[in-house]
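1. attaching a predicted model along with its sequence, questions to come.
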Amino acid sequence: MSFRYLERLEKTVKDHETWRTKECLNLIPSENRGSELMRSMFMTDLGNRYSAPDRFYRGTRYLDELQALAEEIARKVFNARYADVRPLSGHTADMAVLLSMTERGDRVMSVSPDNGGYPGVTHLGLGKLLGLENLYFPYDDHAVNIDPRLAAAALKAKKPRVVIFGSSFIPFPHPTKSLSAQSGGAVRVYDGSHVLGLIAGGEFQDPLREGCSLLIGSTHKSLPGPQGGIILSNSDEVFSKVAGKIHPGIVDNVHLNRVAALAVALVEMMQFGKAYAKAVVQNSQALAKGLASRGIKVRGAHLGYTKSHQVLLDYDLGRLGGFAERLEKGNIIVDNGGRVGTSELTRMGYGAKEMDEVADLMSLVMLGKKPADLVAKSVKSLTRQFHEPKFVLRSTPKELQ
Ligand SMILES: Cc1ncc(COP(=O)(O)O)c(C=O)c1O
């Protein structure tokens, strides 16, 4: 009996691994592919150990060193005075910020979920749980961005306690600098969950130098790290308040195998971040152009479509869900919201030429020009050529060992 379960378990995992890593075009912008070295960190003893700031656990000398090292690397990559790698996810980082920076009844302004804002911080998520009053930036649909003029007026009128820039749908940099300067005494936070890999590579925008006290987010979307979260800051006061809330209230076990994997991904960003981030943006623009030239509606055409890892399709939600379902049958994986992400394909070595091929395959399915199962065959022959992540480190060079 137990062997049967084991067999099923192993088969399910293997089937998933084969399908998603060898046979699919993975275009979900929240996902990415870790290097072998990064993934190998998960299999170490680190994943079975505890360490805690109150020194309750013994035997942690290397664990403590590892966490300090990961935070040192993070500070370098993001040019930040402070880093905390303990949050287990982007959402946990958001929670740490809101729990430490707000009280019941405080106002928090962010991008509305109706405009692609992250629902987790709003009246649908933490805002409700923490009794906050959620307010939303006025949004300019045509610019696919926060409306800077109306948002400045809203900040002046509403005086929120916390302002959160960053978003789940984010093709263009937010007007963080001008709005930070007009946000009065608000704590300014940039939730870079989606664009952290681009920020690490010096593309997109630089929130810690655009008036934000905190840059937080997931470590696994455009940043090709393990699933987890991070908090970065240049402000003594703000950082110590947030970091001070994490243990024992928000995170107990830090998952040090994740921290080691994150450190590997960050070293990879140190080495290849610039080239990777540039390639991601170029690929997004090539994909958007390829789609548009085949008659697929893409948002932001007048602005060059995108400056991030995301291409936003311009259809109503019902249509988008239908497209996503059909594309999945063709082994092309996107979400139901019409975001198409290029981080993972870039990581796998796809360039602008292949993006045009991807656009072609997508359009054949979306426009009903070819049956999805036939497209799946073409997808498999394309993915066969890109089976190893690029922009990766294998191990310490021999001469340094
Ligand atoms: C802007 C933003 N913040 C936070 C999160 C939550 O991230 P995680 O899944 O790492 O908890 C998301 C998730 O998609 C997001 O888009």
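-> That came through fine. Numbers count the residues shown, from 1 in each chain.

2. for the rest of this, base every contact and every neighbour count on C-alpha atoms.
-> Will do.

3. which strand or helix spans Val108?
-> Take DSSP states H and E as the rule and Val108 turns out to sit in strand 107-110.

4. name the helices or strands packed onto that strand?
-> strand 133-136, strand 162-165 (3 or more CA pairs under 8 Å, 6 or more residues apart in numbering; DSSP states H and E).

5. those: which one's closest to the ligand?
-> The ligand sits nearest to strand 162-165 of all the helices and strands packed on strand 107-110, at 8.8 Å, using CA to the nearest ligand atom.

6. quick one: distance of that closest one to the chain centre.
-> How far strand 162-165 lies from its chain's middle: 17 Å, per CA atoms, centre = their mean, to the nearest Å.

7. quick one: low-confidence ranges for the chain?
-> 397-401 (pLDDT under 70).

8. how about the helices in it?
-> Here the chain has its helices, by DSSP state H, at 2-18, 36-40, 61-78, 90-101, 126-129, 148-158, 176-181, 196-200, 236-246, 256-293, 317-329, 343-347, 352-366, 372-383.

9. for the ligand, what is the nearest residue in the stretch 201-350 of the chain?
-> For the stretch 201-350 of the chain, CA to the nearest ligand atom, closest residue to the ligand: Ser218, 4.2 Å.

10. ugh, typo on my part, it should be the stretch 101-250 of the chain
-> Nearest residue of the stretch 101-250 of the chain to the ligand (CA to the nearest ligand atom) works out as Ser168 at 3.6 Å.

11. now the terminal residues of stretch 198-206, how far apart.
-> 10 Å (CA to CA, to the nearest Å).

12. near the ligand at all, that stretch?
-> No - Stretch 198-206 stays out of contact with the ligand when judged by CA under 6 Å from any ligand atom, the minimum separation being 13.9 Å.

13. give me the contact list for that stretch.
-> Residues outside stretch 198-206 that contact it (CA atoms under 8 Å, 6 or more residues apart in numbering): 77-78, 172-173, 195, 222-223, 269-270, 272-278, 307-308.

14. just the buried ones from these?
-> Among the contacts of stretch 198-206, the ones that count as buried by 16 or more other CA atoms under 10 Å are 77-78, 172-173, 195, 222-223, 269-270, 272-274, 276-278, 307-308.

15. rewinding a little: hey, which of the helices and strands packed on strand 107-110 is tucked in deepest?
-> Neighbour counts (mean count of other CA atoms under 10 Å) averaged over each of the helices and strands packed on strand 107-110 peak at strand 162-165, with a mean of 24.

16. ok, the nearest residue to Pro226 once chain neighbours are set aside - contacts?
-> Once flanking residues are discounted, Pro226 sits nearest to His220: 5.4 Å by CA to CA, 6 or more residues apart in numbering. Counting by CA under 8 Å, 6+ apart, His220 makes contact with Ser30, Glu31, Asn32, Pro226, Gln227, Gly228.

17. may I ask which of the residues you listed has the most neighbours?
-> Pro226 (30 neighbours; other CA atoms under 10 Å).

18. distance check, the residue lying closest to Glu388 once chain neighbours are set aside against Glu23.
-> Excluding its sequence neighbours, the residue lying closest to Glu388 (CA to CA, 6+ apart) is Met348, at 5.9 Å. Counting by CA to CA, the separation of Met348 from Glu23 is 13 Å.

19. same question, His91
-> 30 Å.

20. if anything else comes up later, I'll come back, but that's it for now.
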